[in-house]
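Asks: Build me a structure from this.
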Amino acid sequence: VRFNNDGSKMFIAGRTSQKVFEYSLSVNFDVSEADYTGNSFDVSSQVKSVFLGLAFSHDGTMMYVTDAQGNDSTESIYQFSLNKSFDLSGGANLIRSVRTTVTLETLQPNENEPNGIAFNKSGTRMFLIGSQGNHVNQYTLSEGFNISTASFDGGVLRRNNPNGIDFSPDGLRMFILDTG
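Replies: Sure, this is the predicted structure:
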C-alpha cells in the first residue's frame with residue numbers, strides 16, 4: 001500500500017492480479033471509506049511472479065514495482081514514468097529495469113527476492129527488503145530516482161521474511177512488515 005503525499009489517494013499492489021489499483025480517500029490517510037477510482041495499471045508483462053513491491057517518486061511522476069518470489073520471477077525492479085502525477089488514468093511507460101541479482105550488488109549473493117522498496121524524498125537513497133537473505137539493503141543513486149545509477153552501500157539482517165518497508169515523514173523511523 002502506498003499513498004500520495006497528501007493522503008487523498010491510495011495505491012495497492014494486486015499481488016495475484018499483477019495490477020496497481022488506485023483509490024480516492026475522502027478523508028486523507030483514512031482507508032475506511034476508500035473508493036476505487038476505476039484506474040489501474042497492469043504490470044503482468046513485467047512481473048512474472050509475486051508482485052509485492054510498490055513505490056513512487058516524491059513528485060508522483062515515477063512508479064516502481066518489484067518482481068520477487070517464485071520460479072518465474074525476473075528478480076527485477078521496474079521503473080515506470082506516469083503521464084500524470086499520482087494518477088493511473090493517464091497510463092505509464094516502462095523506462096528502465098534492473099535485475100537485483102546481476103545489476104545491483106547485494107549483501108547476500110543469494111538475495112533474489114526484492115519484496116519491498118522505498119526511497120528517501122530526493123530519490124538519492126533506495127532501500128530494498130528481501131526475504132531470501134532477509135536483509136534491508138541500502139543503495140545510493142547518483143541520479144535521484146534513477147534505479148540504473150544505484151550502488152550498494154550496505155545492509156542489515158532482518159529476520160522473519162521481511163516484505164514491506166516504509167519510513168516516517170522525517171525519515172528517522174523505518175517500518176518493516178514481515179511474515180514471520
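
Asks: tell me the average confidence for stretch 42-50?
Replies: Stretch 42-50 shows an average pLDDT of 79 in the prediction.

Asks: so what's the residue lying closest to Glu22 once chain neighbours are set aside up against?
Replies: In space, and not counting its chain neighbours, Glu22 is closest to Asn39: 4.2 Å by CB to CB, 6 or more residues apart in numbering. For glycine as for every other residue, the C-beta is placed from the backbone atoms N, C-alpha and C. Asn39 is in contact with Phe21, Glu22, Asp87, Leu88, Ser89, counting by CB atoms under 8 Å, 6 or more residues apart in numbering.

Asks: Neighbour count, secondary structure and distance to Gly7 for those residues - can I get that in JSON lines?
Replies: Below are the contacts of Asn39 laid out as JSON lines (neighbours: other CB atoms under 10 Å; DSSP: H, G, I helix; E, B strand; the rest coil; distance: CB to CB, whole Å):
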{"residue": "Phe21", "neighbour count": "18", "secondary structure": "strand", "distance to Gly7": "16"}
{"residue": "Glu22", "neighbour count": "20", "secondary structure": "strand", "distance to Gly7": "14"}
{"residue": "Asp87", "neighbour count": "17", "secondary structure": "strand", "distance to Gly7": "15"}
{"residue": "Leu88", "neighbour count": "21", "secondary structure": "strand", "distance to Gly7": "17"}
{"residue": "Ser89", "neighbour count": "13", "secondary structure": "strand", "distance to Gly7": "19"}
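
Asks: What helix or strand is the residue nearest the centre of the chain located in?
Replies: By CA atoms, centre = their mean, the chain has its centre lying nearest to Leu54, at 2.8 Å. Leu54 is part of strand 51-56 when elements are defined by DSSP states H and E.

Asks: residues making contact with that strand?
Replies: Strand 51-56 has contacts (CB under 8 Å, 6+ apart) with 1-2, 4, 11-16, 18, 20, 43, 62-69, 77, 86, 114-119, 128-129, 163-164.

Asks: Generate a PyMOL selection restricted to the buried entries among those residues.
Replies: The buried subset of the contacts of strand 51-56, as determined by 16 or more other CB atoms under 10 Å, is captured in PyMOL by this line:
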select buried, resi 2+4+11+12+13+14+18+20+43+62+63+64+65+66+67+68+69+77+86+114+115+116+117+118+119+128+129+163+164
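
Asks: where does this protein have low pLDDT?
Replies: 48-50, 68-74, 101-112, 131-133, 159, 180 (pLDDT under 70).
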